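>>> turn this into a structure:
(2 chains)
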Number of protein chains: 2
Amino acid sequence: MRLGIHHVGLAVRSVEEATTFFEGVFDAQRTDYSMETGEFLSRMITVGTGLLELLEPRGKGGLIERFLDTNGEGIHHVSIVVDSLDEVLTACKKKGLRVVGNRFIHPKSAHGVLIELLDGRELR
Amino acid sequence: MRLGIHHVGLAVRSVEEATTFFEGVFDAQRTDYSMETGEFLSRMITVGTGLLELLEPRGKGGLIERFLDTNGEGIHHVSIVVDSLDEVLTACKKKGLRVVGNRFIHPKSAHGVLIELLDGRELR
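Numbers count the residues shown, from 1 in each chain, chains lettered A, B, ... in the order given. The predicted structure follows:
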């Protein structure tokens, strides 16, 4: 059973500054996972056995910029790894939950929490 | 090294309803940890290997009620377990970070994230 919390995603103004903060306080380590899209720059850091995804806005009016404009910096999502993404998505839709981008349960359907779903079989 | 993410805390209107949601979608399990103070009812549930703390308001104008009034339901804090709470607290204060209740780093000092610190030696 691989189900569990994979990482917690944080929306920040600067991935570099946030990395420095977690390095300084928790001896966080940079991983080699980093990704850039038109909407955000993402870097994964480890805090011991835990993973944090730092998200910095890219582009105008993108996903993370909109979040920061509304909420300021803070926790953006929780990522849960499931055995079978397809099965969970089907179950979510059957329950009438709002699924976004075929991978996220919308906060309005999940007690205010944006939940990212990761398929355990696709993780290295 | 026991450092890692211990749990993610969610502020919800009803612990029971939120438990039912996570049971239904993620086969979450109730733990025997549950606690009630003048300000909140707390229940810990497992999602596979991960832990979620569900927090429901108690009393008038308490911690969780204020959070819900401002933000609605959602992610409230991330709890990080450290080897030595004393050492981390001392380091935080030395850096000028705002520490609350001798166990929390205030969001204003931590990129908008309320961070609860747990001492690994005190955990069963």
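>>> mind listing what the closest residue to A:Phe40 other than its chain neighbours touches?
Closest residue to A:Phe40 apart from its sequence neighbours, by CB to CB, 6 or more residues apart in numbering or on different chains: A:Ile64 at 4.4 Å. For glycine as for every other residue, the C-beta is placed from the backbone atoms N, C-alpha and C. A:Ile64 sits next to A:11, A:39-40, A:55-58, A:76 when contact means CB atoms under 8 Å, 6 or more residues apart in numbering or on different chains.
>>> any chance of the residues you listed in CSV, plus pLDDT and neighbour count?
Putting the contacts of A:Ile64 into CSV (pLDDT from 0 to 100; neighbours: other CB atoms under 10 Å in any protein chain shown) gives the following:
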residue, pLDDT, neighbour count
A:Ala11, 98, 28
A:Glu39, 96, 17
A:Phe40, 97, 23
A:Leu55, 98, 23
A:Glu56, 98, 21
A:Pro57, 98, 21
A:Arg58, 96, 16
A:His76, 98, 24
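>>> still on that earlier bit, extract the CA atoms of the helix or strand hosting the residue nearest to A:Phe40 and return them as CSV.
For A:Ile64, the host element (DSSP states H and E) is helix A:63-71. Written as CSV, here are the backbone C-alpha positions of helix A:63-71 (Å, rounded to 0.1, in the frame of the first residue of the first chain):
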residue,chain,number,x,y,z
LEU,A,63,-2.3,29.9,-11.2
ILE,A,64,0.3,30.8,-8.5
GLU,A,65,0.2,34.5,-9.1
ARG,A,66,-3.6,34.4,-8.6
PHE,A,67,-3.2,32.4,-5.4
LEU,A,68,-0.6,34.9,-4.0
ASP,A,69,-2.8,37.9,-5.0
THR,A,70,-5.7,36.4,-3.0
ASN,A,71,-4.0,34.7,-0.1
